[in-house]
Structures are given as C-alpha cells and as structure tokens.
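Undergrad: what follows is a predicted protein model with its sequence.
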Amino acid sequence: MGFSHTAVLTDSGEVFTFGNGEFGQLGHETSGNIPAPKRVEFFANKGLKVTNINCGFNHTFAVTSDGRVWSWGFGGNESGLASFFGKKFGALGIAGLSFNRSIPTQIEHLSNFGKIRHISSGNNFAFAINEGNEVISWGDGQ
C-alpha cells in the first residue's frame, strides 16, 4: 500500500490497482482516481507475469518473472518547496526521468545487476535485491 493507492498481485501474475491516481501511480495511462481494483493492462498486453509488486509513497514498482523491474507514478519533480529548491528525487529509477509516468516503464540500468527478485520502496526511494542478494538503491538519499 502506498500513501493513498493500493496494488494487488494475483497468483497468476496480474496486477490490479486502485485509489488515488494523481501522479499516475495506478498505471492506467491516466492520472485519475479509481475507486475499485482495476487490472493494469500493460503487463497482460505484453505477456508479462509479475512476481513482486510494491507501492511507494506515490509510485509503484513491479518485478516480472524475467527479473526486470518496472516503475510508474511520481517521478520526483513536484511543485512546491522541492521544486523551488530544484530538488528532483529520481524515485522511479529511470535515468534522466524526473517527471511522472502513468504507464509502467522498465528500469533498464538494473539489468547490469542481473535478475532482480525483490523490490521495496518508500517515500521517493527504492531498494532492489538481485539473485546474488546484492542490494541496489536509488531515489532521495537524504
């Protein structure tokens, strides 16, 4: 569960999300709110089975059976004080991307660490664990 959104992983590897979608964290190609669980079609359309799901504060991560990691939602370039001070968190883990994404986007540079088996995240940061039990982190390190 994130701050105000939820992701559910089924036994068959499908992802359903619902709640606040203000930053695209539901993965439905929109920033609207969804009151009841709705399947994230992206993974089904690509024939991908999800094995691990995690909600950050306003973003979401998924690990697919092939060890790739996908992220969507709040990218870290928010309005308000963080923007005023030029702070960009990089919470989605996508090089050069600090804006919001409403569809899952692969974190390609994680492939340098082999297959990822687990992901965990919080408020604008995340950790991944690969098959060698190495921990990889990114986002707001403060």
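TA: Yep, it's here. Numbering: from 1, shown residues only.
Undergrad: contacts for whichever helix in the chain runs longest next, please.
TA: Identified as the longest helix of the chain according to DSSP state H is helix 41-46. For helix 41-46, contacts defined as C-beta atoms under 8 Å, 6 or more residues apart in numbering pick out 13-15, 27-28, 49-50, 62, 64, 103-104. In this view, the C-beta of every residue, glycine as well, is placed from N, C-alpha and C.
Undergrad: let's see that with 6 Å instead.
TA: Residues from elsewhere that reach helix 41-46 (C-beta atoms under 6 Å, 6 or more residues apart in numbering): 15, 50, 103-104.
Undergrad: neighbour-wise, give me the winner out of these.
TA: The most crowded member of the contacts of helix 41-46, judged by other C-beta atoms under 10 Å, is V15 (26 neighbours).
Undergrad: contacting residues around that one?
TA: Counting by C-beta under 6 Å, 6+ apart, the residues that V15 touches are 9, 40, 43, 50, 53.
Undergrad: most surrounded residue in the residues you listed?
TA: The most crowded member of those, judged by other C-beta under 10 Å, is V40 (25 neighbours).
Undergrad: tell me the contacts of H118?
TA: H118 is in contact with 52, 129, counting by C-beta under 6 Å, 6+ apart.
Undergrad: how close does L110 sit to T6?
TA: Distance from L110 to T6, counting by C-beta to C-beta, to the nearest Å: 24 Å.
Undergrad: the two - which one has more neighbours?
TA: When L110 and T6 are compared for neighbours, L110 comes out ahead with 21 against 16, by other C-beta under 10 Å.
Undergrad: on the three-state scheme, the more buried one is what?
TA: Secondary structure assignment for L110 (DSSP: H, G, I helix; E, B strand; the rest coil): helix.
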